[in-house]
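S.K.: Structure of the sequence below:
(one chain, ligands or ions: 1)
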Amino acid sequence: MNLKDPTLFRQAALIGDTWIEADPSNAIEVNNPATGEIIGRVPKLGAAETKAAIEAASVAQKGWAARTAKERSGILRKWFELMIANKDDLGRILTLEQGKPIAEATGEIVYGASFIEWFAEEARRIYGDLVPGHQPDKRIMVMKQPIGVVAAITPWNFPNAMITRKAGPAFAAGCAMVLKPASQTPFSALAIAVLAERAGLPKGLLSVITGSAREIGAEMTGNPTVRKLTFTGSTEIGAELYKQSAATIKKLGLELGGNAPFIVFDDADLDAAVEGALIAKFRNNGQTCVCANRLYVQDSVYDAFAQKLAVAVGKLKTGNGFDEGVILGPLIDQPALEKVEEHVADALAKGASVVRGGKRHALGGTFYEATVLADVTKEMVVAREETFGPVAPLFRFKDEADVIAQANDTEFGLASYFYAKDLARVFRVAEALEYGMVGVNTGLISTPEAPFGGVKLSGLGREGSRYGIEEFIEIKYVCLGGI
Ligand code: ADP
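M.R.: Next comes the predicted model:
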C-alpha cells in the first residue's frame, strides 16, 4: 500500500486497551470504491465487545477528568501534531477506502486535525460561573463537568474529520469515547487511534469498534453508562437512535441529512457563484451533507449561469483518486450510484433537460459523469431528497420571496448558500433561510472556529467552535449557604 509508516494500517479493532486482530472467518471486508479490490479486513464485533469498551471507557474517563486541563490539552496537541506529521499516509489510507482524490483526502486530514488543535486550545477555557446569591448568606456556583462516557457513530464520507469533530471536544472536556466508524471506511479511524496511543491518550479512553451497526448501536443506546450519543449519518438512522436512547435519557448530538439550497440572485458576481457552486456541489463528488442539492438561479441570469457552470464542470476530471489531475472520484458503492441514476431519470421523465453529463461514466464501476440539469422543478425527486452525487439541478426563480419560499420548502435545515451583492438583501435572506448555516458569497463554510449543525430534520446540537464543547459538558449548580 506504499505507506511511509505501515503500522498505521491496522486490520483490527481497539477495545479498551486491547487490539483485536481481524480473523478471516469473521471479518468485514473493506474495498476500494475506485477498483472494487479488497484492501483489508476488520473484525465483525457486536454487543459484548461494545459493552467491554464502555466499561473500559468508564474507568479511563475518571482518571482523565481528574487531570488538569493543561495536561489534557498537551496530549491533544501532540495528537494533532502526529496527524499532521503523518498526513500523507493518513491521506493515502483515506483515498484507498473512500475514493476521494488524494489532494482532497490529505486536505481532509489537515481539516480533521484542525478540530483536535482547536479543542486542545479550548480545553483550558471551560469556565464556570459565580452568580450573585438570592439571599444574603448564599452564593451560586456553576461548575462545568464532563458528561462522562460518550458513544460516537460516524459515516463514510469524511472518515477522518467526522471523528475528530467529536473526539476533540469530548476529550478536551474530560470525556471518554467509544467509536463505531462506518464499515466502508474503518481504516482511517483505526489509524488515528494508533496515533492517539502514541500521543499518550490513556488506554481505554478511546475504543474503535468495527462490526454489526445494529448490534453495536443497540448496546451503545441501551447501556446506561453511556451519557451521550453523538451521531453523524442519515436522518432515518438518527431518528432510530434517538428512539433507542429514550429509555436511558441520553444527551444526543445528531448531524443528519440536508437538502441545501444554493441561490444565485441577479446582482451576484456570476463567475464567483460558479466557483462557489463547484465547491458546494462537487466537493467529495457531491457526497457531503452540506452539498448544494438544489441550485436556484434568478430568471435573468439563468441561461448565463447554466452555460458558465457547464463549462466549468466540463473541466472536472473523473477517475481513480490516485491518478494525476483527478477532481472527482467514484461514488462510494452501488446503491449510491443507483440513487443518482434514479434521481436523474425521474427529473428527465418530468421535463428536465441535460446540459452536461447525465449518465454513468465510461470508466464503469461506480463512476458517474459530472452532471448539470436545467428546467428542474419542485415536482421532481431532486427537489426533496439529497442526491449525494455529482448532479447540479438548476431551478428557476422570479424574485426574493419566491426563492425563499422554495428554499425553505423542505423538512431539512442544515446548510444553505446564496450569492448576492446588495447588503440589505444579504441580511434579509440570511435571516429568512431556515437553516443552521448560511454561506453568503462562498461555497465553503466548514471550519473548527464555527458552529456546524442543523435545524428541523437535519439534527440537534452543534459541532466545532466554542459552542461545540458545551455538548460534552454537564452543568452543576452548587448553592453555597451560611456565608
Ligand atoms: P449513510 O447513508 O451515510 O451510510 P447511515 O446513517 O446509514 O448513513 O450510516 C451512518 C453510520 O451509522 C454508519 O457508521 C453506519 O454503520 C451506522 N448505522 C447504520 N445503521 C445503524 C443502526 N441501526 N444502528 C446504529 N448505527 C447504524
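
S.K.: Spatially nearest residue to Q334 (excluding sequence neighbours)?
M.R.: Closest residue in space to Q334, ignoring its immediate chain neighbours: T366 at 6.3 Å, by C-beta to C-beta, 6 or more residues apart in numbering. Every C-beta, even on glycine, is put in place using the N, C-alpha and C of the backbone.

S.K.: Look up phi and psi at that neighbour.
M.R.: Main-chain torsions, T366, degrees, to the nearest 10: phi -110, psi 20.

S.K.: ok, now which ones touch it?
M.R.: By C-beta atoms under 8 Å, 6 or more residues apart in numbering, the contact list for T366 reads 33, 330-334, 336-337.

S.K.: Now do the helices in this structure.
M.R.: 47-66, 69-85, 87-98, 102-122, 161-173, 186-199, 213-222, 235-244, 270-282, 299-314, 334-349, 400-408, 423-432, 465-468 (DSSP state H).

S.K.: winner for burial among these?
M.R.: helix 161-173 (a mean of 29; mean count of other C-beta atoms under 10 Å).

S.K.: what separates the closest residue to R360 other than its chain neighbours from P390, distance-wise?
M.R.: In space, and not counting its chain neighbours, R360 is closest to Y368: 5.9 Å by C-beta to C-beta, 6+ apart. For Y368, the distance to P390 (C-beta to C-beta, to the nearest Å) stands at 6 Å.

S.K.: do N320 as well
M.R.: N320 is 15 Å from P390, where distance means C-beta to C-beta.

S.K.: chain center to stretch 39-55, what's the gap?
M.R.: Stretch 39-55 sits 22 Å away from the centroid of its parent chain (C-alpha atoms, centre = their mean, to the nearest Å).

S.K.: Touching, G204 and I54? I think so.
M.R.: No. Using C-beta atoms under 8 Å, G204 is not in contact with I54, being 10.2 Å away.

S.K.: hang on, the earlier thing: higher neighbour count, N320 and P390?
M.R.: More crowded of N320 and P390, by other C-beta atoms under 10 Å: P390, with 28 against 19.

S.K.: wait, that one sits on G286?
M.R.: Yes. Using C-beta under 8 Å, P390 makes contact with G286 at a distance of 4.5 Å.

S.K.: can you list the helices of the chain in TSV and add mean pLDDT?
M.R.: Output for those, formatted as TSV (pLDDT from 0 to 100):
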stretch	mean pLDDT
helix 47-66	98
helix 69-85	98
helix 87-98	98
helix 102-122	98
helix 161-173	98
helix 186-199	98
helix 213-222	98
helix 235-244	98
helix 270-282	98
helix 299-314	98
helix 334-349	98
helix 400-408	98
helix 423-432	98
helix 465-468	97
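
S.K.: Looking at those helices, which is nearest to V142?
M.R.: Set against V142 and scored by C-beta to C-beta, these come closest in helix 161-173, at 15.3 Å.

S.K.: what angle do that closest one and helix 69-85 make?
M.R.: Orientation check (axes from the mean of the first three to the mean of the last three C-alpha atoms, to 10 degrees): helix 161-173 against helix 69-85 gives 160 degrees.

S.K.: roughly how far out does helix 161-173 sit from the chain middle?
M.R.: The chain centroid and the centroid of helix 161-173 are separated by 12 Å, computed with C-alpha atoms, centre = their mean.

S.K.: How about that helix and the ligand, touching?
M.R.: No. Against the ligand, helix 161-173 shows no contacts by C-beta under 6 Å from any ligand atom, the least distance being 9.2 Å.

S.K.: same thing with stretch 252-264?
M.R.: No. Against the ligand, stretch 252-264 shows no contacts by C-beta under 6 Å from any ligand atom, the least distance being 8.2 Å.

S.K.: Report the contact partners of the nearest residue to M141 once chain neighbours are set aside.
M.R.: Closest residue to M141 apart from its sequence neighbours, by C-beta to C-beta, 6+ apart: V478 at 4.3 Å. Contact analysis of V478 by C-beta under 8 Å, 6+ apart lists 140-143.

S.K.: got TSV for the residues you listed, with pLDDT and distance to T442 too?
M.R.: Shown next, in TSV, are these (pLDDT from 0 to 100; distance: C-beta to C-beta, whole Å):
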residue	pLDDT	distance to T442
I140	98	42
M141	98	42
V142	98	37
M143	97	39
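
S.K.: Show me which pair in those residues is furthest apart.
M.R.: I140 and M143 (10.9 Å).

S.K.: who touches both of those two?
M.R.: 477-478.

S.K.: one step back: need the overlap of contacts for Y368 and P390.
M.R.: Counting by C-beta under 8 Å, 6+ apart, the common neighbours of Y368 and P390 are 318, 340, 357.

S.K.: Touching, the first one and L331? I think so.
M.R.: Pointing back at T318 there. No. Using C-beta under 8 Å as the test, T318 is too far from L331 to be in contact (10.5 Å).
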